[in-house]
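**Student:** Mind looking at a prediction? Sequence and model below.
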Amino acid sequence: MWLDYYYIVLVLPAVLFSLFASLSVRSTFHRYSKIPTRCRLSGHDAARTVLDANGLHHVRIERVEGELTDHYDPRANVIRLSRAVYDNTSCAAIGVAAHEAGHAIQHAQNYLPIRIRSAIIPITTIGSRLALPLILVGILLEVLAPGMIVIAYAGVIAFSLCVLFQLVTLPTEFNASRRAIRAIAEQTPLDSEEISGSKKVLRAAAMTYVAALAVSVMQLLRLLLLVSGSRRRN
């Protein structure tokens, strides 16, 4: 029986970290979403306040189904907030809504990391689809024709584009959260305790992106070691 020790040693700990981060953001959001703010500002109102303060009156805000499905769509110029955020008056909802407004501001101001991320989405999509097939084909062909392992290395390079996407995503998300907290402090009547609650929610959410990058990096290292090992054996 063949065991993938590279997966067990490298990838599995990162996957467990990712699961922990996902559970953490959900529990933190649920905890602070049950505590309404004194000013009774809703997630929708918070996002609208931040957008209008930055001259983005044209950006619409819509309600969307699902949990933690909040996002900004730059193609439609619309922020979509989940039901748990749209009408909710908690510091958790306000933090998430302001974070998505932060993404809208990034696009309006041509924030460099988000421009890079948007530009590489097509090639990272292609790379993620081709990576594993190229690696498998390259390893199999290397058995028949020495030198064909180059196809597998092309697959590793294709997968590295996914890592690049995760790497560029990290500063984009952290910056959106910083913009959100600054906007909440300057443009809403939340007190310091409520702002602290928003910070904790956004900090927990940021860790999911750190975990996603860790999984991608460890997976890339695993694939590189598998391909290198296959070349040495052949």
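**Tutor:** That came through fine. Numbering: from 1, shown residues only.

**Student:** E62 should be in a helix, yeah?
**Tutor:** No - checked against DSSP: H, G, I helix; E, B strand; the rest coil, E62 lies outside a helix; its state is strand.

**Student:** Does T124 touch L161 like I think?
**Tutor:** Yes - between T124 and L161 a contact is recorded at 4.7 Å, counting by CB atoms under 8 Å. Bear in mind the C-beta positions are built from the backbone N, C-alpha and C, glycine included.

**Student:** more crowded one of these two?
**Tutor:** Neighbours were counted for T124 and for L161 using other CB atoms under 10 Å; T124 has more, 20 against 17.

**Student:** show me the contacts for that one.
**Tutor:** 161-162, 164-165 (CB atoms under 8 Å, 6 or more residues apart in numbering).

**Student:** ok, then the element right after the helix or strand H99 falls within?
**Tutor:** Element membership for H99 (DSSP states H and E) is helix 91-108. For helix 91-108, the following helix or strand on the C-terminal side (DSSP H and E) is helix 112-144.

**Student:** For that next one, could you pull out the residues that count as buried?
**Tutor:** Judged by neighbour count using 16 or more other CB atoms under 10 Å, the buried positions of helix 112-144 are 113-114, 116-117, 120, 124, 127, 130-131, 134-135, 138-139, 141-142.

**Student:** same deal with stretch 185-193?
**Tutor:** For stretch 185-193, a neighbour-count test (16+ other CB under 10 Å) marks 188, 190 as buried.

**Student:** Verify the stated contact: I139 with V227.
**Tutor:** Yes - between I139 and V227 there is a contact under CB under 8 Å: 6.8 Å.

**Student:** Which residues are in contact with each of these two?
**Tutor:** Shared contacts of I139 and V227 (CB under 8 Å, 6+ apart): 149, 152.

**Student:** What segments of this structure are strands?
**Tutor:** Counting by DSSP state E, the chain has these strands, from start to end: 60-64, 71-73, 78-82.

**Student:** contacting residues around the most centrally placed residue in the chain?
**Tutor:** Most central in the chain under CA atoms, centre = their mean is Y209, positioned 4.6 Å from the mean C-alpha point. Counting by CB under 8 Å, 6+ apart, Y209 touches 166, 169-170, 173.

**Student:** Nothing else from me, thank you.
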